[in-house]
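Student: Everything below, folded, please.
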Amino acid sequence: MSHPYFFISRQIAEQNVGQTAENTLNTADKEGPEEIELSGKDFHHLVRVLRAVRGDIVELSDNHSSRFITEIAQLEKDRTILTVKEIKKISKKIPEVFLFQSILKKEAMELAIQKTAEIGIDAIVPVISSRIVAKIDKNGAGVKVKRWQQIAAEASKQCKRDFECRVLDPVPVKDIDAGSYDLFFAPVETTPLLQAADAGGNKNISSGIIKIENIDRVFNSASILRIKKMAYIIGPEGGFEQNEVDMLNSKGVVLINFGSNILRAETAAVYFLSVLDYLIKKAAGS
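Tutor: Residues are numbered from 1 along each chain as shown. Presented below is the predicted three-dimensional model:
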């Protein structure tokens, strides 16, 4: 049976209702709160939407180190008191995977965020690149990021992830610090522009593009487990400018080609994460 699931702040999780944070569970060997209070939007969703009643089981994550199995002990007008029955330790999966997603039109961007959050992306960084159709300014960025974070949070809850997917502030493509990641990928199309040096003298980078079926050239089951943080970047609806591809390549970004089919940006984001997720899980089980 699937139980309601919510993320709570670490501060809330550390405090008992009406008691000090130093108090521990009565259950042997399990330190933590005896009770947790749930209020606000989560309370409304639990009681008004899910119609939860006293005695129902509710699962919580503090998004840090613990997952709580609780039971509704009290239902009040604007809050519920949950009795902690069990605490499970959680830890971040390694490697962490970041998606640098060029900002797409509203529906496409939201779909990319929702589906990658469901699969398990750790964080999403909106990217401002040359060909983005959906323009964003400083005044509107905060509103959009808040909306995107809400979508990521809902997807994380729906899948009962141990940790909530984060949506970070937008960055220009030129400011991406690829060197701070152990491995960074950029899916690109193989076009005539990439197959030969242009009149401006740009280097021929087509020989450095790896086909998706040969991704094991980059890492194998042994090496992937030594990687702590990896990332990939997906372009906008119109793709990247050649100078952007050159710039990413010069920063050590590994160029990947998906083959003859041209995928939508949101599809590419989900597809490549699925490939990485498979390789990571295969390595962990080997």
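
Student: any low-confidence regions in this structure?
Tutor: Filtered on pLDDT under 70, the chain yields the residue ranges 1, 12-32, 138, 190-207, 220-222, 286.

Student: give me that answer again for 80
Tutor: For the chain, applying pLDDT under 80 flags the ranges 1, 10-32, 135-140, 190-208, 216-225, 284-286.

Student: the domain parsing of it - what is it?
Tutor: Following automatic domain parsing, the chain resolves into domains at 5-89, 96-285.

Student: what would these look like in JSON lines with mean neighbour count?
Tutor: Where you see a C-beta, it was placed from the backbone N, CA and C, and this is true even at glycine. Below are the domains of the chain laid out as JSON lines (neighbours: other CB atoms under 10 Å):
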{"stretch": "domain 5-89", "mean neighbour count": "16"}
{"stretch": "domain 96-285", "mean neighbour count": "17"}
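
Student: In three-state terms, label Ile72 for me.
Tutor: Recorded secondary structure, Ile72: strand (DSSP: H, G, I helix; E, B strand; the rest coil).

Student: One more: Ile94?
Tutor: Ile94 - assigned by three-state DSSP - is coil.

Student: nearest residue to it other than its sequence neighbours?
Tutor: Leaving aside its sequence neighbours, Ile94 sits nearest to Lys228 (CB to CB, 6 or more residues apart in numbering; 5.9 Å).

Student: Also Glu154?
Tutor: Gln114 (7.8 Å).

Student: So the one you found is in contact with Lys157, correct?
Tutor: No - applying CB atoms under 8 Å as the test, Gln114 and Lys157 come out as separate, 11.8 Å apart.

Student: and the gap between Val97 and Ile81?
Tutor: Val97 sits 37 Å away from Ile81, going by CB to CB, to the nearest Å.

Student: picking that back up, show me what contacts the residue nearest to Ile94?
Tutor: When contacts are counted by CB atoms under 8 Å, 6 or more residues apart in numbering, Lys228 touches Ile94, Pro95, Glu96, Asp182.

Student: Closest one of those residues to Glu76?
Tutor: Closest approach between these and Glu76, by CB to CB: Glu96, at 38.8 Å.

Student: List the residues that contact that closest one.
Tutor: Applying CB under 8 Å, 6+ apart to Glu96 gives the contacts Asp122, Ala123, Lys228, Lys229, Met230.

Student: Could you work out the most separated pair of those?
Tutor: Spanning the widest gap among those are Ala123 and Lys228, at 13.8 Å by CB to CB.

Student: For Leu279, give its distance to Asn249.
Tutor: In terms of CB to CB, Leu279 sits 22 Å off from Asn249.

Student: And Ala265, by the same measure?
Tutor: Note on Ala265: its distance to Asn249, by CB to CB, is 19 Å.

Student: What lies in contact with the helix or strand hosting Ile124?
Tutor: Using DSSP states H and E, Ile124 sits within strand 123-128. The contact list for strand 123-128 (CB under 8 Å, 6+ apart) reads 96, 98-103, 109, 113, 116-117, 136, 144-145, 148, 152, 165-173, 176, 233.

Student: Show the contacting residues for Gly208.
Tutor: Applying CB under 8 Å, 6+ apart to Gly208 gives the contacts Asn249, Leu255.

Student: Distance check, it against Asp246.
Tutor: 11 Å.

Student: Then Ile280?
Tutor: With CB to CB as the criterion, Ile280 and Asp246 are 29 Å apart.

Student: cool, Ala52 as well?
Tutor: Ala52 is 55 Å from Asp246, by CB to CB.

Student: Repeat that for Lys211.
Tutor: As defined by CB to CB, Lys211 lies at a distance of 20 Å from Asp246.

Student: Check Ile119 too.
Tutor: From Ile119 to Asp246 the distance is 30 Å (CB to CB).

Student: what do you get for Val167?
Tutor: Using CB to CB, one gets 28 Å for the distance from Val167 to Asp246.

Student: again with Ala134
Tutor: For Ala134, the distance to Asp246 - CB to CB - is 24 Å.

Student: and what of Arg10?
Tutor: Look at Arg10 and Asp246: by CB to CB, they are 43 Å apart.

Student: Show me the helices in this protein, by range?
Tutor: 10-14, 40-44, 106-119, 138-158, 192-195, 221-224, 242-250, 265-285 (DSSP state H).

Student: Can I get those in CSV including distance to Pro4?
Tutor: Formatted as CSV, the helices of the chain follow (distance: least, CB to CB, whole Å):
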stretch, distance to Pro4
helix 10-14, 16
helix 40-44, 9
helix 106-119, 18
helix 138-158, 9
helix 192-195, 49
helix 221-224, 35
helix 242-250, 42
helix 265-285, 26
